[in-house]
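Undergrad: next input, structure requested:
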Amino acid sequence: MIDASDFERDCMNKALRPLGEYVAEIGTDKAFQDLTREQVLTLIEVVVTAYMHELSKGSEEIPF
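TA: You can find the predicted model right below:
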C-alpha cells in the first residue's frame, strides 16, 4: 500500500493480533519457507479479513 492514511495504518496495526494468534497456532519456531501452501494462504486470509473488518468500522477521516 502506497501512502497509507493514519486510519489505514491503524487498521493494519489492529490486524497484528489475529496474525500473531495464527502464527502462535502454527508454531513460532517455523521458518516462513517451512510453511505449507495452505498455512500461507490461511495467514493471508487472517490478515486480510482482520484488516477489512477494521476498515469496515469506518473512520472520522472518511465521513461516509
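Undergrad: residues contacting the one helix or strand residue 41 maps to, please?
TA: Applying DSSP states H and E as the criterion places residue 41 in helix 37-56. When contacts are defined by C-beta atoms under 8 Å, 6 or more residues apart in numbering, helix 37-56 is touched by residues 8, 10-12, 14-15, 17-19, 22-23, 26, 35. C-beta coordinates here come from the backbone N, C-alpha and C atoms, glycine included.
Undergrad: what's the most distant pair in those?
TA: 10 and 35 (27.5 Å; C-beta to C-beta).
Undergrad: next one: the residue nearest to the spatial centre of the chain from residue 54, what distance?
TA: Centroid-nearest residue in the chain: residue 47, 2.5 Å away (criterion: C-alpha atoms, centre = their mean). Going from residue 47 to residue 54 by C-beta to C-beta, to the nearest Å gives 11 Å.
Undergrad: then residue 26?
TA: Distance of residue 26 to residue 54, given as C-beta to C-beta: 23 Å.
Undergrad: which one's more surrounded, those two?
TA: Between residue 26 and residue 54, residue 54 has the larger neighbour count (other C-beta atoms under 10 Å), namely 18 against 15.
Undergrad: would you mind measuring from the more buried one to residue 24?
TA: Distance of residue 54 to residue 24, computed by C-beta to C-beta: 20 Å.
Undergrad: low-confidence ranges in this structure?
TA: 61-64 (pLDDT under 70).
Undergrad: how many neighbours does the nearest residue in space to residue 18 that is not next to it in sequence have?
TA: Take residue 18 and drop its neighbours on the chain: the residue closest to it by C-beta to C-beta, 6 or more residues apart in numbering is residue 50, 4.2 Å away. Applying other C-beta under 10 Å, we find 20 residues neighbouring residue 50.
Undergrad: I'm done for today, thanks for sticking with me.
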